[in-house]
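> How does the following fold in three dimensions:
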Amino acid sequence: MAGADADDALLVLTAMLLTPARFPSVLGDDYVAACAALALEPYEEGYGLVLGQDGEGARWTVVVDDVSLVAVAIAAWDCGMAHDLSPDERSVVCALPGWPLALTVAAPGVPAPHDPETDGLGPAPLAPPDPESWGPAQRRLGADEIAERWALWREQIDDAAFVRPDGERRGEAAEAAEAAEGAGSDWAGSENSGGPGGGSGDEPGSGSTVGGGGAESGAPAAGHHPGVRRALSEAVAYTRTPPPPGRIRSVFASADTRTLRVDGAGWSMVARTDDIALILLDEEPGAVLPVGRGPALPGLLEALDALAPHPA
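So this is what the prediction gives:
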């Protein structure tokens, strides 16, 4: 295979899909960006990524064009079933040194995982992002974690934070006004008005933080954060001009509910179509900012879900 000794079999540890509907968020905000990170053409059919070690223990990420083969293996592993993933040499597109994500497993009987010696030839080894830093990759990984463990994160958001003492949902008046003006209205309002999920000026919202330290309260008030308003405005813009494939992803949550993952420049959104949304921003390291449900948010989530691919 390209980039490795063809006679040295790869000891497969895990695999993942790289398609418009499903790809490692660590690589980019959308499918096109993720492909570019690996110097791949963004073909509609996508790719499979097979991560493993060679006989010397070196890390390799093998890119194959047999997406179905990789998808079947992932489905079997997700069900706790053993499945041998052995891509045909003819399906191999390239082999890239390193892994884009950190793995907690290693192949038995070979040296510990390490980057291969490439003598400076070819691409630099792939490497996972620094867990002690915060940037676009960490922001997207944090959003992925929330999407995978929605119930755990949702129970940390106090619904009372979205309700005024008189019982009116926080931000509802502003949302209703914006909804009446149409989906293209600016979600921002004024600095003293409650945006979706925000509150009146004297009632800051609540939030959590994502990262190595787990969840902690104390995020800034979401409704007054310019980054949240920007993210929501850009999400609305997606419904007018569809973004690159992969910016909006939708996965099954329950019979009538989808989990949405939406990304943009400097922000990530996680939402359930029947519930609230949570936003992460590059400028707020680790902060998880809640967006309360009101008249405007359900329609936005429905429109975003309609734009996302729904693979069988």
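> Pass me the low-pLDDT residue ranges in the stretch 151-300 of the chain, would you?
Scanning the stretch 151-300 of the chain for pLDDT under 70 picks out 161-224.
> Tell me which stretches of the stretch 1-150 of the chain form helices.
Using DSSP state H, counting those that start in this stretch, the helices assigned to the stretch 1-150 of the chain run over residues 31-37, 67-78, 136-148, 150-154.
> how about JSON lines for these, with mean neighbour count and distance to Thr61 added?
Using the backbone N, CA and C atoms, a C-beta is placed for each residue, glycine as well. Supplementary listing: the helices of the stretch 1-150 of the chain in JSON lines, determined by neighbours: other C-beta atoms under 10 Å; distance: least, C-beta to C-beta, whole Å:
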{"stretch": "helix 31-37", "mean neighbour count": "20", "distance to Thr61": "11"}
{"stretch": "helix 67-78", "mean neighbour count": "15", "distance to Thr61": "12"}
{"stretch": "helix 136-148", "mean neighbour count": "20", "distance to Thr61": "16"}
{"stretch": "helix 150-154", "mean neighbour count": "14", "distance to Thr61": "29"}
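> Can you add distance to Gly294 and give these back as JSON lines?
Formatted as JSON lines, the helices of the stretch 1-150 of the chain follow (distance: least, C-beta to C-beta, whole Å):
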{"stretch": "helix 31-37", "distance to Gly294": "31"}
{"stretch": "helix 67-78", "distance to Gly294": "36"}
{"stretch": "helix 136-148", "distance to Gly294": "21"}
{"stretch": "helix 150-154", "distance to Gly294": "17"}
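> and of those helices, who's closest to Glu284?
For Glu284, the closest of the helices of the stretch 1-150 of the chain is helix 136-148, at 9.1 Å, according to C-beta to C-beta.
> In terms of secondary structure, what does the closest one contact?
Applying 3 or more C-beta pairs under 8 Å, 6 or more residues apart in numbering; DSSP states H and E, we find helix 136-148 packed against strand 257-264, strand 267-272, strand 277-281, strand 284-291.
> Output the first one as PDB, nothing but the C-alphas.
Included here for strand 257-264 are C-alpha records, laid out as PDB according to Å, rounded to 0.1, in the frame of the first residue of the first chain:
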ATOM      1  CA  THR A 257     -36.400  13.000  17.100                       C
ATOM      2  CA  ARG A 258     -33.000  13.700  15.400                       C
ATOM      3  CA  THR A 259     -29.800  14.900  16.900                       C
ATOM      4  CA  LEU A 260     -28.200  17.700  14.900                       C
ATOM      5  CA  ARG A 261     -24.600  18.600  14.600                       C
ATOM      6  CA  VAL A 262     -24.000  21.900  12.800                       C
ATOM      7  CA  ASP A 263     -20.700  23.600  12.400                       C
ATOM      8  CA  GLY A 264     -19.500  27.000  11.100                       C
END
